[in-house]
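K.L.:
next comes the sequence, and after it the predicted model I'd like to discuss.
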2 protein chains.
Amino acid sequence: MSENNYCLEIAKRIYNLDTKVSEALGSELGRVFNGPMQQCISDLATELARNGQSYQLRGKIVLIANMARTIEDKSVNKAMMKEYNSILKEIKSHQTSFNSIDILNETSAALNESNFTNNTLKEGDHLIICISRSHGSAGADIGFALADKLHISYYDVDVLDQVLRHIESEKEKEWDEERSKNDPIYASAKNLAKSHTRARLTQLSLNHGLSKEDADFFNVSKLLIDMAGREDFVVIGRCADVILSNNNIPHISIYITAPTEIRAHRLMETRNIPTFAKALKQIVKIDKKHELYYHKFTGRIWGIANNYDLCINSSSYGIDEAVEVIKRLINR
Amino acid sequence: MSENNYCLEIAKRIYNLDTKVSEALGSELGRVFNGPMQQCISDLATELARNGQSYQLRGKIVLIANMARTIEDKSVNKAMMKEYNSILKEIKSHQTSFNSIDILNETSAALNESNFTNNTLKEGDHLIICISRSHGSAGADIGFALADKLHISYYDVDVLDQVLRHIESEKEKEWDEERSKNDPIYASAKNLAKSHTRARLTQLSLNHGLSKEDADFFNVSKLLIDMAGREDFVVIGRCADVILSNNNIPHISIYITAPTEIRAHRLMETRNIPTFAKALKQIVKIDKKHELYYHKFTGRIWGIANNYDLCINSSSYGIDEAVEVIKRLINR
């Protein structure tokens, strides 16, 4: 069949469906094509033949389906929808523009553990949920409750700091024991050294000349990559999403926020802040701090929906239901 | 039991759990409380007794759980987690701060159809999914595919325009017939009137003196509220989320976006735009238009995660999986 005849054929089917649907509804009210039959069909065929933007055509066909769905007689309803689906399938298989070109980015999709269609999870990959959150949005509380529900580990800035401190003090102990064994002068000198001096020296040596913030970021990055090979976990903040993406480690990135007024009122309660204005000021200050930190280490804009797989408005759900939403999204 | 004794009791249980976990792991490496026992317990008790901010305390207790989860012997693991859960429950029931004050906003939650815990859906409420989207993010394609999968109606700007045009022309026809019946002079005069003149007059009379944009918004609002009483549907844009909220009609509001570069590349394909720069320019222009429209009629900032129940990065999912994500969210 020639392209023209093909389009004419489909145009006729669309026009006929519209006619049948309005007959079944006993009203011309919902009829999409009101003009003279030959003109309508020829216009439709022209639109079908045109490649490129066909949202308007889609709109017209959808309108027929919207009307068809209101037909009360079930068997007629079913017959109309069957013809609609068949027409749609025909157009989709024929027309790229109508078929809608996908927005999928293969790199993001492959790293996104809540994408089941395009995710190429390998055995040994762990479930890692990265939560960023605006101040006062209960993001950390949601992460904590989520980890608890999923029976997986939970890491926020305090927990990560403590883990790092443990690792450092273990390293220090090892280094100290090793040197004491091999160097009797060091062994006796160290007894004289003030503990805070030693701590400061160790800190400096571990920072490799970096600023404390840079060194912390470096250490947290190393730790996260290591943990990702060993266990499932929820991690709050610390640019974990970008660190994992840059290291090709699958995870889910979620941003949790809520309207500023609601966050401010909650902070007044949770942190005993006496006035709304003071709570707002704290939100602006801490959100700004997070924004600058995130931008410094990732070059990205913090809190913009573009940069996460999902964003959740915690005030629309509350803590418990936000946990349930995330569980539904990751299908657990 | 006095408050002090109670805190001391819990502190002891926490300290003991830490000891048992590190014994079970055969290593002091993960031990949270390294100092002298009496000192650790007394510090812990002080932290427990202090109301207000107890995230640091939570961090320490979580750390014990994170370690306990790595115990390979299943029965020991289970016993440790049981004691951890029991301690947590005890603290939660005792301390408001640890219990974390909720972020739930009752108004938003009651209107949010994807909130199952706090939603008070009445019989007769319909499933209404409002999708806002940035230009080129495939938001409308996702909405279209979603409506198709859920077998519910789909309304975007083109479909809504056509519905409104139908309604207007029906009204016009009725008015015309009524007047022709009662007024023989009108009946003959109207045969002379140019159709485009009549159309213009009708348009003016329907706008009630409002600008076209304001009149459209007013008409779409009326239509949406009417539809919400009759059927399930997906609606794209048109500030539908805010219109429904303002009229106390439950729905789900979703914002769909993707990184700007990815949207620009997709637009080059879908709209045959020759250069990346031109695609970017189109994105900025159309997003700005949506932003101004949304702000004009809602007073809110468009595209900010605060203002929707959920935001989805379509490039992390692609069209088909984004549809699945929304279906998982609403549990269908």
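P.N.:
Here it is on my side, so go on.
K.L.:
could you tell me which residues within the longest helix along chain A count as buried?
P.N.:
In chain A, with assignment by DSSP state H, the single longest helix is helix A:157-182. Neighbour counts over helix A:157-182 (16 or more other C-beta atoms under 10 Å in any protein chain shown) mark A:157, A:158, A:159, A:160, A:161, A:162, A:163, A:164, A:166, A:167, A:172 as buried. For the C-beta atoms, the positions are set from N, CA and C on the backbone; glycine is no exception.
K.L.:
same for it, what does it pack against?
P.N.:
Applying 3 or more C-beta pairs under 8 Å, 6 or more residues apart in numbering or on different chains; DSSP states H and E, one finds that helix A:157-182 contacts helix A:184-192, helix A:195-207, helix A:212-228, helix B:55-68.
K.L.:
and with 6 Å instead?
P.N.:
helix B:55-68 (3 or more C-beta pairs under 6 Å, 6 or more residues apart in numbering or on different chains; DSSP states H and E).
K.L.:
how about the helix or strand following the helix it packs on and chain A, touching?
P.N.:
Toward the C-terminal end, the helix or strand that comes next after helix B:55-68 (DSSP states H and E) is helix B:74-94. No - shown here: helix B:74-94 not in contact with chain A (C-beta under 6 Å from any C-beta of the partner chain), separated by at least 7.7 Å.
K.L.:
next, the buried residues of helix B:74-94.
P.N.:
For helix B:74-94, the neighbour count (16+ other C-beta under 10 Å) marks B:76, B:77, B:80, B:81, B:83, B:84, B:87, B:88, B:91 as buried.
K.L.:
the second one touches residue B:71, doesn't it?
P.N.:
Yes - using C-beta atoms under 6 Å, residue B:77 is in contact with residue B:71, at 4.3 Å.
K.L.:
I'd like to know how many residues surround residue A:2.
P.N.:
By other C-beta atoms under 10 Å in any protein chain shown, 7 other residues sit near residue A:2.
K.L.:
what's the separation between it and chain B?
P.N.:
24 Å (C-beta to the nearest C-beta, to the nearest Å).
K.L.:
please apply the same query to residue A:285.
P.N.:
16 Å.
K.L.:
pLDDT at that residue, what is it?
P.N.:
The confidence metric pLDDT takes the value 97 at residue A:285.
K.L.:
and residue A:163, by the same measure?
P.N.:
pLDDT, the model's per-residue confidence, is 86 for residue A:163.
K.L.:
apart from its neighbours in sequence, what residue is nearest it?
P.N.:
Leaving aside its sequence neighbours, residue A:163 sits nearest to residue A:223 (C-beta to C-beta, 6 or more residues apart in numbering or on different chains; 6.5 Å).
K.L.:
how many neighbouring residues does the one you found have?
P.N.:
The number of residues packed near residue A:223 is 17, by other C-beta under 10 Å.
K.L.:
need the residues that contact stretch A:163-171.
P.N.:
Applying C-beta atoms under 6 Å, 6 or more residues apart in numbering or on different chains, the contact partners of stretch A:163-171 are A:219, B:29.
K.L.:
who in the stretch 51-200 of chain A is up against chain B?
P.N.:
A:52, A:56, A:59, A:62-63, A:66, A:100-105, A:108-109, A:112, A:115, A:117-118, A:138, A:141, A:153-154, A:158-159, A:162, A:170.
K.L.:
isn't residue A:141 up against residue A:319?
P.N.:
Yes - assessed by C-beta under 6 Å, residue A:141 is found in contact with residue A:319 at 5.4 Å.
K.L.:
of the two, who's got more company?
P.N.:
residue A:141 (24 against 20).
K.L.:
which other helices and strands contact whichever strand or helix holds the more buried one?
P.N.:
When elements are assigned from DSSP H and E, residue A:141 belongs to helix A:139-150. Applying 3+ C-beta pairs under 6 Å, 6+ apart, we find helix A:139-150 packed against strand A:128-133, strand A:233-236, helix A:318-329.
K.L.:
now the ones you listed in CSV, with distance to residue A:211 and mean pLDDT?
P.N.:
Output for the helices and strands packed on helix A:139-150, formatted as CSV (distance: least, C-beta to C-beta, whole Å; pLDDT from 0 to 100):
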stretch, distance to residue A:211, mean pLDDT
strand A:128-133, 23, 97
strand A:233-236, 23, 97
helix A:318-329, 35, 95
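K.L.:
any weak-confidence spans in the stretch 101-250 of chain A?
P.N.:
Filtered on pLDDT under 70, the stretch 101-250 of chain A yields the residue ranges A:120-121, A:184-208.
K.L.:
what residues are up against residue A:102?
P.N.:
Each residue near residue A:102 by C-beta under 6 Å, 6+ apart is listed here: B:318, B:319.
K.L.:
same question, residue A:318
P.N.:
Contacts of residue A:318 (C-beta under 6 Å, 6+ apart): B:102, B:104.
K.L.:
am I right that residue A:252 sits in a strand?
P.N.:
Yes - under DSSP: H, G, I helix; E, B strand; the rest coil, residue A:252 sits within a strand.
K.L.:
gap between it and chain B?
P.N.:
From residue A:252 to chain B the distance is 9 Å (C-beta to the nearest C-beta).
K.L.:
ok, residue A:313 next?
P.N.:
Distance of residue A:313 to chain B, given as C-beta to the nearest C-beta: 5 Å.
K.L.:
thought that residue was touching residue B:309?
P.N.:
Yes - contact status for residue A:313 versus residue B:309: in contact at 5.4 Å, counting by C-beta under 6 Å.
K.L.:
mind listing what's buried in stretch A:250-261?
P.N.:
A:250, A:251, A:252, A:253, A:254, A:255, A:256, A:257, A:258, A:259, A:260.
K.L.:
turn the residues you listed into TSV, columns for distance to residue A:266.
P.N.:
Converted to TSV, these look like this (distance: C-beta to C-beta, whole Å):
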residue	distance to residue A:266
A:250	33
A:251	28
A:252	25
A:253	24
A:254	19
A:255	17
A:256	13
A:257	12
A:258	8
A:259	11
A:260	11
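K.L.:
which two of these have the greatest separation?
P.N.:
Spatial extent of the buried residues of stretch A:250-261 (C-beta to C-beta) is set by the pair A:250 and A:260 at 32.8 Å.
K.L.:
count the neighbours of residue A:40 for me.
P.N.:
Counted with other C-beta under 10 Å, residue A:40 comes out at 18.
K.L.:
check contacts around residue A:17.
P.N.:
Residue A:17 makes contact with A:64, A:83, according to C-beta under 6 Å, 6+ apart.
K.L.:
I'd assumed it was in a helix, is it?
P.N.:
Yes - Residue A:17 forms part of a helix when assessed by three-state DSSP.
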